[in-house]
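Let me see the structure of the following:
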Amino acid sequence: MRHSLIGLLLLLVSSLPSGKIMGIKIRTCSSLQGRCYFGCPLGWTWVSFCHNIMSCCIKMKNNLPPQAIKP
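Reported below is the predicted structural model:
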């Protein structure tokens, strides 16, 4: 019973919308203009987690590595 309550609480917390709730600012990856990956590709910077296991990455604008620039 206890494990199911913890799982339900985790599900509710992970599905919160972007915004300010009870003084805590919650921002989703799409509100940061990012994308979710299983690891940031070259030329992208890690920002936060999304969906608990994936990484939210945003595209670098300055100091791109040479491998990230397509010829």
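
Could you list every helix and strand in contact with the helix or strand containing W46?
Assessed by DSSP states H and E, W46 sits inside strand 44-50. In terms of contacts (3 or more Cβ pairs under 8 Å, 6 or more residues apart in numbering; DSSP states H and E), strand 44-50 is packed against strand 35-37, strand 54-59. Heads up, the C-betas are built off the backbone N, CA and C, glycines and all.

could these be laid out in CSV, adding mean pLDDT and distance to V47?
Output for the helices and strands packed on strand 44-50, formatted as CSV (pLDDT from 0 to 100; distance: least, Cβ to Cβ, whole Å):
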stretch, mean pLDDT, distance to V47
strand 35-37, 88, 10
strand 54-59, 89, 5
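
Just say which of the ones you listed is most tucked in.
strand 54-59 (a mean of 18; mean count of other Cβ atoms under 10 Å).

That one: partners in the sheet, and parallel or antiparallel?
Strands adjacent to strand 54-59 in the sheet, as given by DSSP bridges, are strand 35-37 (antiparallel), strand 44-50 (antiparallel).

Show me the one of those strands that comes nearest K70.
For K70, the closest of the strands paired with strand 54-59 is strand 44-50, at 13.9 Å, according to Cβ to Cβ.
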